[in-house]
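In: Below: sequence and its predicted model.
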Amino acid sequence: MSDNSDGVGGLTFDKSKRHWPNELNVFAALILIVVIFEILGAVYVGQSLLFDTNDRFDSIFNEARLRIIIIQVAIVGIIAIGVTQVIITAGIDLSSGSVVGATAMIAMSFAQVAMVNGAENPKAIFGPAFLDLPWLVPVIVGLAVGTLAGLVNGLLVAYARIPPFIATLGMMLFARGVAQWWSSGNPISFPTESYAKIGAGMMPVFIFLSLAVIFHLIMNYTVYGKHTYAIGSNEAAARMSGINVPRHLLWVYGIAGMLSGLSAVILTSKNLTAQSGMGLSYELDAIAMAVIGGVSLFGGRGSIIGTVIGALIIGVITSGFTFLKLGAFYQEMALGCIIVGAVALDQWQQQRAARKA
Amino acid sequence: MKKILMAAGLSTLMMGTTAMAQQIGVSVARFDDNGLTVMRNGMTAYDEELADVSLQIEDATDDVAKQLDQINNFIASGVDAIIVNAVDTNATEAMSNAAAAAGVPLVYVNRQPINMDTLPDGQAFVASNEIESGTLKAFEICKNLRAEGKSGGATAYILMGQLSNQAAVQRTKDVDDVIGMDMCNFITIIDRQTAEWSRDKASDLMTNWLSSGEPFDAVFANNDEMAIGAIQAMKSAGISMDEVQVGGVDATSDALLAMQAGDLDVTVFQDLAGQGRGSIDTALALINGEEVDKTVFIPFKLVTPDNVSEFMQ
């Protein structure tokens, strides 16, 4: 898709030498995986994964399953949108999951309801003045905490010149510490009704897809997007051509942090609770989505659309395993194989394309 | 790396708490686990009541090797007794040996050590009998299903905790044992999957199950958080909670409120704060050279809508 990846200094990838956009490959993989599950489903459980085989819905599809496939990846998917941008700059963000934990605890403290089942909220963190606040308050707090964490990551990476792996590893530890310290490890529950609506039903999906569209446009049609690809393709060349690389990286990490904060808000709203262990290993799930979606860890290559399809693949696999009633032990083994397989396939295709060129 | 940095940070924080009292070092498997936090808070509260006891609580962050290091550090710094909430109950032999060699009393709390039968003198285990928890819950649900007239046949799902965790394995086995009894063998399990103790994962897993459209009568969850996740998923799918029996374990305050609201049917109260206090009492008794049973049981209690108010704080 991308004219941008061979923008300023983009020497690693020239789209004219490819037959079709990489996203089509990922999409083909998604279809293939669905077909495999449909075949296995027909053989072993006598049902269809995506189609309505026992006539429970008005449409031909099993709507309930279509919904859960995407609901279960929407929250991590929001993080993956930010992580995709970070990885395109040839960086990495290991802190997302912990930032979700810390933001969840802090934001939820401002979303609590005063009365539960007619008694005082047993989990109230602050005094009465901070209960029953409008939903916008915890949302703004959540976005602010996430953005702050992201900006610190950005400062460490761009100005202190600390490698992204180490800088965000530090943030990962720090933020998880904050999450546990905030209420000494105690869960924070019972949000206001208005706050509970943010993550209810299909809202996470709606927010995820809206953000995907917005960031797809930003990455393809704005200077921000072009600079992001340029830095990832060749940072030295990007700097030579006048891009303020540190300032741009600050933006990229700040946005990734903000999206982690947002996903924490949605996660706590969906589950009506905040717990210090929340978001554990979300960073890896988000990176997996991006990588399956064709984002190169070496930078300069990948797209938001690819990551969204990557997220859908993980969603289909998760639902597919449950659909087949596959034993819990085998699920993670299979997922590990699929992630490595996806990248191996992508590598092989790239090398073939390079040889043809 | 992660673990080392955390340990360094924690031990600096703990520095200030030392005094001239009986020093007890505590290593807890995880600080971010809800149940273990109740236990830890029970210890801290009891510590404040006892003037001549000083606790030093450390987070093993679910790391077996780190926990053993913490115990050796406690021994090196000359504590009077050690309380361990084991990360991995298979790794307790080395801990027992280290403490016995140094002559420091050791109390295991909450999680049963593998070397229970060969526990050296001056060591004990304080916990609730894990088998009670899953059994009490499963049997109550079985009785409720019979009372609803479903003894001709009922189906259920099991939500399991982390598969590596002894409590998850045991509580799942308890359900299997109960439905293996003549009185409860009308229950068939449709599927069992792990939701890793998490509310979010349980809600997604339950929604996945619901998407198959298979009818069911009960959900057995290894803990309350997963039971609540399943309840949230079923409610948003429009299922009436009167028609499904849902059982958890832990009696967390979220769960008690869910029970009050008529959503959760059964949970089991593990007196975790009581275990925390009991472990300190046992440690003090061992320090004073008193005779102590190898196993000190703090009983589980069944919580149903009839007695839920007793457990609300």
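Out: That came through fine. The model shown is predicted, which means the values in this text are computed figures rather than measured ones.
In: What distance do you get for A:Gln47 to B:Ser211?
Out: 10 Å (Cβ to Cβ, to the nearest Å). For every residue, glycine as well, the C-beta is placed using N, CA and C.
In: anything in contact with each of these two?
Out: Any residue near both A:Gln47 and B:Ser211 by Cβ atoms under 8 Å, 6 or more residues apart in numbering or on different chains counts here, and that gives A:Phe323.
In: Now name the helix or strand holding whichever residue of the stretch 101-250 of chain A sits closest to chain B.
Out: Closest to chain B within the stretch 101-250 of chain A is A:Gly185: 4.1 Å, counting by Cβ to the nearest Cβ. A:Gly185 is part of no helix or strand when elements are defined by DSSP states H and E.
In: A:Gln47 and B:Ser211: which is more packed in?
Out: More crowded of A:Gln47 and B:Ser211, by other Cβ atoms under 10 Å in any protein chain shown: B:Ser211, with 22 against 19.
In: Local confidence estimate at the closest residue to A:Leu94 other than its chain neighbours?
Out: Of all residues not flanking A:Leu94 in the chain, A:Thr168 sits nearest, at 4.3 Å (Cβ to Cβ, 6 or more residues apart in numbering or on different chains). Listed pLDDT for A:Thr168 reads 97.
In: Specify the local secondary structure of A:Thr168.
Out: helix (DSSP: H, G, I helix; E, B strand; the rest coil).
In: Any idea how many residues pack against it?
Out: A:Thr168 sits with 30 neighbouring residues when counted by other Cβ under 10 Å.
In: Please apply the same query to A:Ala328.
Out: Neighbours around A:Ala328, by other Cβ under 10 Å: 17.
In: got it, and A:Leu169?
Out: Neighbour tally, A:Leu169, other Cβ under 10 Å: 19.
In: measure it to A:Ile79 for me?
Out: In terms of Cβ to Cβ, A:Leu169 sits 17 Å off from A:Ile79.
In: What parts of the stretch 201-350 of chain A come near chain B?
Out: A:201, A:267, A:270-273, A:275-278, A:318-319, A:322-323, A:325, A:328-329 (Cβ under 8 Å from any Cβ of the partner chain).
In: which ones among those residues are found in strands?
Out: A:Thr273 (DSSP state E).
In: Of the residues of the stretch 201-350 of chain A next to chain B, just the buried ones, PyMOL syntax please.
Out: Only the buried entries of these go into this PyMOL selection, using 16 or more other Cβ atoms under 10 Å in any protein chain shown:
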select buried, chain A and resi 267+270+271+272+273+275+276+277+278+318+319+322+323+328
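In: where in the stretch 51-200 of chain B is pLDDT low?
Out: Applying pLDDT under 70 to the stretch 51-200 of chain B flags no residue at all.
In: Could you pull up the residues touching whichever residue of the stretch 101-250 of chain B sits closest to chain A?
Out: Shortest the stretch 101-250 of chain B-to-chain A distance, computed as Cβ to the nearest Cβ: residue-wise this is B:Ser211, at 3.7 Å. Neighbouring residues of B:Ser211 by Cβ under 8 Å, 6+ apart: A:62, A:64-65, A:67-68, A:319, A:323.
In: which residues in the stretch 101-250 of chain A form helices?
Out: A:136-154, A:164-182, A:193-196, A:203-221, A:223-233, A:235-240, A:245-271 (DSSP state H, counting those that start in this stretch).
In: and the stretch 151-300 of chain B, which residues reach chain A?
Out: B:160, B:163, B:190-194, B:198-200, B:203-205, B:207-213, B:228-229, B:232, B:236-237, B:252-254, B:257, B:260-261.
In: Pull out the buried members of those residues.
Out: Taking 16+ other Cβ under 10 Å as the criterion, what is buried in these is B:160, B:191-194, B:198-200, B:203-205, B:207-213, B:228-229, B:232, B:236, B:252-254, B:257, B:260.
In: Of the residues you listed, which belong to strands?
Out: Per DSSP E, these map to strands at B:160, B:191-194.
In: Put together CSV for those, with distance to B:Ser151 on each row.
Out: Formatted as CSV, these follow (distance: Cβ to Cβ, whole Å):
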residue, distance to B:Ser151
B:Met160, 26
B:Asp191, 22
B:Arg192, 22
B:Gln193, 26
B:Thr194, 29
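In: nearest to A:Leu133, of the residues you listed?
Out: B:Thr194 (36.2 Å; Cβ to Cβ).
In: and the most centrally placed residue in chain B, what are its phi and psi?
Out: Nearest to the geometric centre of chain B sits B:Gly35, at 5.7 Å (Cα atoms, centre = their mean). Taking degrees, to the nearest 10, you get phi -60, psi -50 for the backbone angles of B:Gly35.
In: Is it in contact with B:Asp250, as I believe?
Out: Yes - in this structure B:Gly35 lies within contact range of B:Asp250 using Cβ atoms under 8 Å: 5.6 Å.
In: which residues are in contact with both of the two?
Out: Common neighbours of B:Gly35 and B:Asp250, using Cβ under 8 Å, 6+ apart, are B:223, B:270.
In: just for the stretch 201-350 of chain A, where's the confidence low?
Out: In the stretch 201-350 of chain A, no residues with pLDDT under 70.
In: Can you show me the helices along the stretch 1-150 of chain B?
Out: Using DSSP H, counting those that start in this stretch, helices in the stretch 1-150 of chain B cover B:2-14, B:34-49, B:64-76, B:92-102, B:130-147.
In: closest to A:Leu151 out of these?
Out: Relative to A:Leu151, the nearest member of the helices of the stretch 1-150 of chain B by Cβ to Cβ is helix B:2-14, separated by 21.6 Å.
In: Between the contacts of B:Ser211, identify the one with the most neighbours.
Out: A:Ser319 (28 neighbours).
In: returning to that earlier point: mind checking how far the residue of the stretch 101-250 of chain B closest to chain A is from B:Asn73?
Out: 50 Å.
In: Could you check the pLDDT of the nearest residue to B:Phe74 once chain neighbours are set aside?
Out: Nearest non-adjacent residue to B:Phe74, counting by Cβ to Cβ, 6+ apart: B:Gly25, 3.3 Å away. With respect to pLDDT, B:Gly25 scores 95.
In: now do the one 5 residues further on
Out: Predicted confidence (pLDDT) for B:Arg30: 91.
In: what's it sitting at in phi/psi?
Out: phi -150, psi 130.
In: tally of neighbours for it?
Out: Residues near B:Arg30, counting by other Cβ under 10 Å: 21.
In: Which ones among the contacts of B:Ser211 lie within helices?
Out: A:64-65, A:67-68, A:319, A:323 (DSSP state H).
In: among these, which two are most distant?
Out: A:Arg67 and A:Phe323, at 13.9 Å, using Cβ to Cβ across the ones in helices among the contacts of B:Ser211.
In: give the contact list for the residue nearest to B:Phe74.
Out: Contacts for B:Gly25 (Cβ under 8 Å, 6+ apart) come out as B:56, B:58, B:70-71, B:73-74, B:77, B:79, B:81-83.
In: Please tell me how far the residue nearest to A:Ile162 when sequence neighbours are not counted sits from A:Leu249.
Out: With sequence-adjacent residues excluded and distances taken as Cβ to Cβ, 6+ apart, A:Ile162 is closest to A:Leu156, at 4.7 Å. Counting by Cβ to Cβ, the separation of A:Leu156 from A:Leu249 is 10 Å.
In: Compare the two (neighbour count), which wins?
Out: Neighbours per residue, other Cβ under 10 Å: of A:Leu156 and A:Leu249, the larger number sits with A:Leu249, 24 against 19.
In: Quick one: neighbours of the residue nearest to that one when sequence neighbours are not counted, just the number.
Out: Excluding its sequence neighbours, the residue lying closest to A:Leu249 (Cβ to Cβ, 6+ apart) is A:Ala158, at 3.9 Å. By other Cβ under 10 Å, the residues close to A:Ala158 number 23.
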